[in-house]
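>>> Everything below, folded, please.
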Amino acid sequence: MISLNYFWFFVIAFTFSAALTRYGASNMEGSSPWLKIIAQIVGPLCDTALFIFLILGFWWMPHWWMPLVFFGVGIITQSILGLIGDIGNLIVLILGTIGAPLFTILAYLGMYNVI
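Below is the predicted model of the structure:
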């Protein structure tokens with residue numbers, strides 16, 4: 001399972017989209033209002049796409065239990081992300097504006113054996 005490319009794409013996309021959703025729903029103000037607007041749009045959109053990815057995974061992945069493990073590892077990475085400081089969260093947030101949609105698309109392409 002660790003050798004599947006879409007496993008890693010999912011974990012990275014899940015981590016980035018969680019950071020975006022958390023920032024978009026918070027009262028924190030950044031240096032640019034555009035980052036908040038992007039986080040409010042891209043975060044929930046990628047979360048929804050990754051949830052659909054997990055549902056489709058019950059049929060398209062080699063074993064039925066793999067989506068459950070994917071979700072569990074994603075939750076663990078989110079909790080580890082919560083332990084790092086504000087600077088680390090800011091870096092993940094900035095990388096996530098591009099990384100969340102990119103890795104979400106790569107996860108779908110990997111699951112369907114396009115890449």
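
>>> Just give me the residue right at the centre of this structure.
Nearest residue to the geometric centre of the chain (Cα atoms, centre = their mean): residue 14, 1.9 Å.

>>> For burial, what's the neighbour tally of residue 38?
19 (other Cβ atoms under 10 Å). All C-beta spots, glycine's among them, are computed from the backbone N, C-alpha and C.

>>> Give me the spatial nearest neighbour of it, chain neighbours excluded.
residue 97 (5.3 Å; Cβ to Cβ, 6 or more residues apart in numbering).

>>> The one you found touches residue 20, doesn't it?
Yes - with contacts counted by Cβ atoms under 8 Å, residue 97 reaches residue 20, the gap being 7.0 Å.

>>> Between the two, point out the one with more neighbours.
Just comparing residue 97 and residue 20: by other Cβ under 10 Å the higher neighbour count belongs to residue 20, 28 against 19.

>>> circling back: give the full set of residues in contact with the residue nearest to the centre of the chain.
By Cβ atoms under 8 Å, 6 or more residues apart in numbering, the residues touching residue 14 are 50, 74, 77, 78.

>>> Scan those residues and report the most crowded one.
Counting neighbours by other Cβ under 10 Å, residue 50 leads the contacts of residue 14 with 23 neighbours.

>>> Tell me the helices and strands packed up against the helix or strand harbouring that residue.
Under the criterion of DSSP states H and E, residue 50 resides in helix 33-60. Helices and strands touching helix 33-60, as assessed by 3 or more Cβ pairs under 8 Å, 6 or more residues apart in numbering; DSSP states H and E, comprise helix 5-25, helix 66-83, helix 86-111.

>>> Just name the most buried of these.
Mean neighbour counts were taken over the helices and strands packed on helix 33-60 using mean count of other Cβ atoms under 10 Å, and the top value, a mean of 22, falls to helix 5-25.

>>> What average pLDDT does that helix get?
For helix 5-25, the mean per-residue pLDDT is 90.
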